[in-house]
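K.L.:
Quick one, what's the 3D model for this:
(chains A, B, C and D)
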There are 2 protein chains.
Amino acid sequence: MQAAVVELLADHQLEEVTIPRVAERAGVHQATLYRRWGNIAGLVDDIVAERLGELAPIPDTGTLRGDLELAAVRFAEAIAPLGAIMIRAAALAAPDADSAVSFKTRATQLQAMLDRAAARGEKTPTLTELLESITAPLYFQELFFGRPADAEHARELVDRLLIYVEASR
Amino acid sequence: MQAAVVELLADHQLEEVTIPRVAERAGVHQATLYRRWGNIAGLVDDIVAERLGELAPIPDTGTLRGDLELAAVRFAEAIAPLGAIMIRAAALAAPDADSAVSFKTRATQLQAMLDRAAARGEKTPTLTELLESITAPLYFQELFFGRPADAEHARELVDRLLIYVEASR
DNA sequence: AGACAAACGCGAAGATAATTGCTTTAAAGC
DNA sequence: GCTTTAAAGCAATTATCTTCGCGTTTGTCT
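P.N.:
Numbering: from 1, shown residues only, chains lettered A, B, ... in the order given. Purely as a prediction, here's the structure:
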């Protein structure tokens, strides 16, 4: 299932990736996909969540900078191969229940990461600051400029966030 | 045309806003819309660009902070009434030619704004830093949390950017 | 093994969207 | 005022998605 969607996204426009096509490629019946996910957005969103869970687990390196960088780089690498298209598809599904849950879960884990840093006595950003300073720009660049998320950019963003945190607290 | 789309977006899901429906509401023939825009995404993207041009002209207040705040607040106010839905629709159309042009135009104007500040001798962020620190978070919050862009939040982001710029240059 | 529940396969029917050739209206230039 | 050109209306055709009832498989529990 995962494979079929990723392959289709690789050489088709997002609008061309439909339930019937995914079903054909995956060798399952369309009705199965419609029953399980309802629409393409739900399916793709599920896959993004799955990928992030596998490829971008929340790190625990012992320092805030280490955690942030690893989290950011992993995140960038997990979404990069799929390009802007997958992010757009995931964004489409955003406000409904399921994807909200997967997002919330991830947010909770990131919060725990920040809490660990705070417990060590480090100056830490808020979760919102983290999401807005790192996740948001990575998504944004993909979405509007087609710039794939890469490790170097991710590190740059972490740096920017930490400079701000140091300066303002 | 504008009106028909905005009205439909007001009380329908994005997927329910289709060319045939917009055409009916606007009292024009669907073929007209298909010929001019090809699909819904192109149409919506056009409308977003038009709105931004009208409602969020690039300011020239005399100070960087003033410019940034006004630009951010206007931007937030221009997109807020449309909610996440319109951003998603615009994002869908992102990488193709037309929307790239409108985006580029806007980016050029913002760059000019930054240049003016630099000419006055102010410490200025890069265009990328501006987009990533202000535009990206506003989009992100709308997209994933349904939090409408509001003036206060916009100002907070400007503040964050300027603290960073002061601290790092 | 047998019984049950849950998920999947199948194909057809129904609904909607997208395209097309042609006609008609409107506008612009001369 | 007339000609030319571009855009909009129109309706039929085509393509595509989406849903549905029903039978079959698969896995689990006893």
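
K.L.:
all contacts plus neighbour counts: C-alpha atoms, from now on.
P.N.:
OK.

K.L.:
buried residues in the top helix by length along chain A?
P.N.:
When chain A is scanned for its longest helix (criterion: DSSP state H), the result is helix A:97-119. For helix A:97-119, the buried set under the neighbour-count rule, 16 or more other Cα atoms under 10 Å in any protein chain shown, comprises A:99, A:102, A:106, A:110, A:111, A:113, A:114, A:115, A:116, A:117.

K.L.:
before we move on, what about stretch A:24-36?
P.N.:
Buried positions in stretch A:24-36, judged by neighbour count with 16+ other Cα under 10 Å: A:25, A:30, A:33, A:34.

K.L.:
what about it and chain B, any contact?
P.N.:
No. Residues of stretch A:24-36 are not located near chain B by Cα under 8 Å from any Cα of the partner chain, the shortest gap being 15.6 Å.

K.L.:
mean confidence score for that stretch?
P.N.:
For stretch A:24-36, mean pLDDT is 95.

K.L.:
Return the alpha-carbon coordinates of that stretch using CSV.
P.N.:
Taking Å, rounded to 0.1, in the frame of the first residue of the first chain, the C-alpha atoms of stretch A:24-36 are listed here in CSV:
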residue,chain,number,x,y,z
GLU,A,24,-4.8,-1.1,-9.3
ARG,A,25,-1.1,-0.6,-8.5
ALA,A,26,-1.3,-2.2,-5.2
GLY,A,27,-3.3,-5.1,-6.6
VAL,A,28,-6.2,-4.6,-4.2
HIS,A,29,-9.8,-3.7,-5.0
GLN,A,30,-10.8,0.0,-4.8
ALA,A,31,-13.7,-0.7,-2.5
THR,A,32,-11.2,-1.9,0.1
LEU,A,33,-9.5,1.5,0.1
TYR,A,34,-12.7,3.4,0.0
ARG,A,35,-13.9,1.4,3.0
ARG,A,36,-10.8,1.8,5.0
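
K.L.:
just to revisit the earlier point, what is the distance between the longest helix of chain A and the centre of its chain?
P.N.:
Relative to its chain's centre, helix A:97-119 lies at 13 Å (Cα atoms, centre = their mean, to the nearest Å).

K.L.:
and if you look at stretch A:17-32?
P.N.:
From the chain centre to the centre of stretch A:17-32 is a distance of 24 Å (Cα atoms, centre = their mean).

K.L.:
Distance check, residue A:52 against DNA strand C.
P.N.:
Distance, residue A:52 to DNA strand C, using Cα to the nearest atom of the strand, to the nearest Å: 22 Å.

K.L.:
Can you check the pLDDT for that residue?
P.N.:
85.

K.L.:
surely it meets residue A:75?
P.N.:
Yes. Using Cα atoms under 8 Å, residue A:52 is in contact with residue A:75, at 6.9 Å.

K.L.:
These two - which one has more neighbours?
P.N.:
Neighbours per residue, other Cα atoms under 10 Å in any protein chain shown: of residue A:52 and residue A:75, the larger number sits with residue A:75, 25 against 20.

K.L.:
what residues are up against the more buried one?
P.N.:
Applying Cα atoms under 8 Å, 6 or more residues apart in numbering or on different chains to residue A:75 gives the contacts A:52, A:55, A:56.

K.L.:
and it, what element?
P.N.:
Assigned by DSSP states H and E, residue A:75 falls within helix A:64-79.

K.L.:
pLDDT averaged over that helix - what is it?
P.N.:
What helix A:64-79 shows for mean pLDDT is 92.

K.L.:
And stretch A:39-49, by the same measure?
P.N.:
Averaging pLDDT along stretch A:39-49 gives 85.

K.L.:
so how far is it from its chain's centroid?
P.N.:
Centre-to-centre, stretch A:39-49 and its host chain are 12 Å apart (Cα atoms, centre = their mean).

K.L.:
How about that stretch and chain B, any contact?
P.N.:
No. Contact of stretch A:39-49 with chain B (Cα under 8 Å from any Cα) is absent, the minimum separation being 10.4 Å.

K.L.:
which parts of that stretch are buried?
P.N.:
For stretch A:39-49, the buried set under the neighbour-count rule, 16+ other Cα under 10 Å, comprises A:40, A:41, A:42, A:43, A:44, A:45, A:46, A:47, A:48, A:49.

K.L.:
and the gap between the last one and DNA strand D?
P.N.:
Yep, that's residue A:49 we're talking about. Going from residue A:49 to DNA strand D by Cα to the nearest atom of the strand gives 21 Å.

K.L.:
quick one: that residue from residue A:70, how far?
P.N.:
Residue A:49 sits at a distance of 18 Å from residue A:70 (criterion: Cα to Cα, to the nearest Å).
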